[in-house]
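A.B. asks: Predicted structure and sequence below. I'll ask about it afterward.
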Amino acid sequence: MHAYDRYLTALAGRGRVQFAVKARPEPQLLEALVRRGAGLDVASTNEIRAALAAECPPELLSHSNVFRHEREIAESFDLGVRVFCADSAAELTRLRRAAPGASVMLRLTCAPAGSELPRFGCHATEAVALAQLADEIGLHVAGLTWHVGTQQTDPAQWRTAIEQAAAVWSAIRRAGIDGLRVLNVGGGVPARYRRDVPTVETCTATILAAVDDHFGPAEVDVVVEPGRSLVAEAGITVARVKSVLERGGGVAVVLDAGIWNAGLVECLLSGVEYPVHALDHPANAPDRPVRLCGPTCDPLDELRVATPYRLPVALAPGDRVLIGSTGAYCASTTATDFCGYPPLPNHVLPARAMEVSR
């Protein structure tokens, strides 16, 4: 809960935390966050059920996945969800039929620099028309939301997005639609992998200052929606070396944990570089550049990095390699029995401080 406490301290009572369940749908984690008062961002009916099993009050749930079938909306509504994101007229129409009277968070698009992956949303020029449509068909326009992109390393992107949101907010109110209150600034706060990144405190300070500058004394309910920045650094994966292959002047270290069976897919999709450390060798042992490969002999089963990993020259089969910052997404993105290698088991350990060499 250390990362959650950092958010609360940084927000200083001016906002609340809504954890993105998809980042780590671990029951014990959800229960702990709910006990501390966190809301939960859900993307499917299965995640809603997990949230309710963790005793999250339905009023603290928000459904942010705008790629929904009408049946999914109806199931979510029946389970108690009353807040849904939307970014199109088609989605608003589905909500009118399947979730009458629900609250809507209009999702704006961003074109952020400094992010590993962009996200979806409507253009600012469309937002007022969508707000008017929502109001006409009996939905409550509760506020605005967006996502500045995964692993956002430029805090100024939140300032740009908040400035845009303030203009949209004012235009919606000028159109005669009252009741906007929630400003959900989304996720994107980066976790620390191999490189230093802006801290939770830096990103949050930028967000709050931008809210002050562009919303002034207006009463705004600020919501932050972290995923990886809450859980990534709390997870580690311990692998064993299967073989060390020296070919053509290069060295490949084959581990029993890789892209598919350990869910390390983000190093393929978003440029995440997990920190690694050889547990059975001293930190100052002579080392050399290596390629780290998983067990499947698949060409994609490799931890891709811009700067090669360095591991001890004496590394041998059976040695342990710690892969750090694997607490986000890895447990839920493992492939099932690809090449006959089953997903690695997951264990939840008591909280304790652990310094991972980077």
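C.D. replies: Received it, and whenever you're ready, just let me know what you need.
A.B. asks: you'd agree Val197 is in a helix?
C.D. replies: No: using DSSP: H, G, I helix; E, B strand; the rest coil, the assignment for Val197 is coil, not a helix.
A.B. asks: which residue sits closest to it, ignoring its sequence neighbours?
C.D. replies: Pro190 (3.9 Å; C-beta to C-beta, 6 or more residues apart in numbering). In this view, the C-beta of every residue, glycine as well, is placed from N, C-alpha and C.
A.B. asks: show me where this protein has strands.
C.D. replies: Here the chain has its strands, by DSSP state E, at 15-20, 39-42, 61-63, 83-86, 103-107, 140-145, 182-184, 221-224, 236-247, 250-255, 276-278, 287-293, 309-312, 320-324.
A.B. asks: Tabulate the ones you listed (TSV), appending mean neighbour count, distance to Thr125 and mean pLDDT.
C.D. replies: Shown next, in TSV, are the strands of the chain (neighbours: other C-beta atoms under 10 Å; distance: least, C-beta to C-beta, whole Å; pLDDT from 0 to 100):
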stretch	mean neighbour count	distance to Thr125	mean pLDDT
strand 15-20	23	27	97
strand 39-42	26	26	98
strand 61-63	25	25	98
strand 83-86	26	16	98
strand 103-107	24	12	98
strand 140-145	23	14	98
strand 182-184	23	19	98
strand 221-224	20	24	97
strand 236-247	16	45	96
strand 250-255	19	49	97
strand 276-278	21	46	98
strand 287-293	18	46	98
strand 309-312	18	46	98
strand 320-324	20	43	98
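A.B. asks: Dump those to CSV, plus distance to Leu349.
C.D. replies: Below are these laid out as CSV (distance: least, C-beta to C-beta, whole Å):
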stretch, distance to Leu349
strand 15-20, 20
strand 39-42, 23
strand 61-63, 28
strand 83-86, 34
strand 103-107, 36
strand 140-145, 34
strand 182-184, 32
strand 221-224, 27
strand 236-247, 9
strand 250-255, 21
strand 276-278, 18
strand 287-293, 24
strand 309-312, 25
strand 320-324, 14
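A.B. asks: So for Arg173, which of those strands sits nearest?
C.D. replies: strand 140-145 (10.1 Å; C-beta to C-beta).
A.B. asks: how many other residues sit next to the residue nearest to Val197?
C.D. replies: Using other C-beta atoms under 10 Å, the number of residues around Pro190 comes to 26.
A.B. asks: Which one of the strands of the chain lies nearest to Ile73?
C.D. replies: strand 83-86 (7.1 Å).
A.B. asks: just checking, what packs against the closest one?
C.D. replies: Using 3 or more C-beta pairs under 8 Å, 6 or more residues apart in numbering; DSSP states H and E, the elements in contact with strand 83-86 are strand 61-63, helix 89-98, strand 103-107.
A.B. asks: Next, format those as TSV and append distance to Arg16.
C.D. replies: Supplementary listing: the helices and strands packed on strand 83-86 in TSV, determined by distance: least, C-beta to C-beta, whole Å:
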stretch	distance to Arg16
strand 61-63	11
helix 89-98	24
strand 103-107	14
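A.B. asks: And the ones you listed: which comes nearest His281?
C.D. replies: For His281, the closest of those is strand 61-63, at 46.3 Å, according to C-beta to C-beta.
A.B. asks: Packing partners of that closest one?
C.D. replies: Going by 3+ C-beta pairs under 8 Å, 6+ apart, strand 61-63 lies up against strand 39-42, helix 45-53, strand 83-86.
A.B. asks: Please save the CA atoms from the first one in PDB.
C.D. replies: It refers to strand 39-42. Provided in PDB are the C-alpha atoms of strand 39-42 (Å, rounded to 0.1, in the frame of the first residue of the first chain):
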ATOM      1  CA  GLY A  39     -12.600   3.300  -6.200                       C
ATOM      2  CA  LEU A  40     -12.100   0.800  -9.000                       C
ATOM      3  CA  ASP A  41     -12.100   1.300 -12.800                       C
ATOM      4  CA  VAL A  42     -13.500  -1.800 -14.500                       C
END
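A.B. asks: What strands flank it, and is each parallel or antiparallel?
C.D. replies: With DSSP bridges as the test, strand 39-42 is paired with strand 15-20 (parallel), strand 61-63 (parallel).
A.B. asks: which outside residues touch the shortest one?
C.D. replies: Read it as strand 61-63. 18, 39-43, 48, 51, 76, 80-81, 83-85, 105, 184 (C-beta atoms under 8 Å, 6 or more residues apart in numbering).
A.B. asks: How about the longest one?
C.D. replies: With C-beta under 8 Å, 6+ apart as the test, strand 15-20 has contacts from 4, 7-8, 11, 30, 33, 37-41, 60, 62, 64, 184, 187, 207-208, 221-227, 230.
A.B. asks: same question, stretch 245-254
C.D. replies: By C-beta under 8 Å, 6+ apart, the residues outside stretch 245-254 that reach it are 241-244, 288-295, 311, 315, 321.
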